[in-house]
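> Sequence first, predicted model second:
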Amino acid sequence: NYMVAVSRLEVRWSSLVDPLDFVPSTTTGAGRQTPQDLKGPITAVWGVPGGFLIFTSRNCVAATYSTNIRAPFIFREVDNAGGVESYEQITTETASAKVYAWTTGGLQSVTLRAAETMFPEVSDFLAGKYWEQ
């Protein structure tokens, strides 16, 4: 029940009482944090069951919900995940906790825990910008 707002380097979450109250307080639960694992400015944020994914142009950081009112999210870098330039490079399957993204590591399936490179031949083809005729 948090409203989350992000700037280029900071994540803010609202109070549990008023979703428009972003003033950090241990009483209301509102807060802010700059995730330590960010490797550049935030380019996209994507919600998944259990938290959300924060993409930069070089990596991805998972924000996992922790049920602790003083620190409701645990931020950590997603293993093996590349970065994206914009949210337009991300898509999701509604029945899954995965997002699919065209990242700096190729076409990847990204979850809160890890990223898996998919179809390396397709990634090579798209990265090469060659069309076969």
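Thanks, I have the structure now.
> how about the helices in the chain?
120-128 (DSSP state H).
> what about the residue most central in space within the chain, distance to T26?
In the chain, the centroid-proximal residue (CA atoms, centre = their mean) is L53; its distance is 1.8 Å. Counting by CB to CB, to the nearest Å, the gap from L53 to T26 is 27 Å. Where C-beta positions appear, they are placed from N, C-alpha and C, glycine not excepted.
> so the residue nearest to the centre of the chain sits right up against S109, yeah?
No. The criterion here is CB atoms under 8 Å, and L53 misses it with S109 at 11.8 Å.
> Show me the common contact partners of the two, please.
Common contacts of L53 and S109, defined by CB atoms under 8 Å, 6 or more residues apart in numbering, comprise V99.
> need the contact list for the spatially closest residue to K39 that is not a sequence neighbour.
What sits nearest to K39 in space, not counting adjacent residues and going by CB to CB, 6 or more residues apart in numbering, is R58, at 4.1 Å. Taking CB under 8 Å, 6+ apart, we find R58 in contact with K39, G40, G82, G83, T104.
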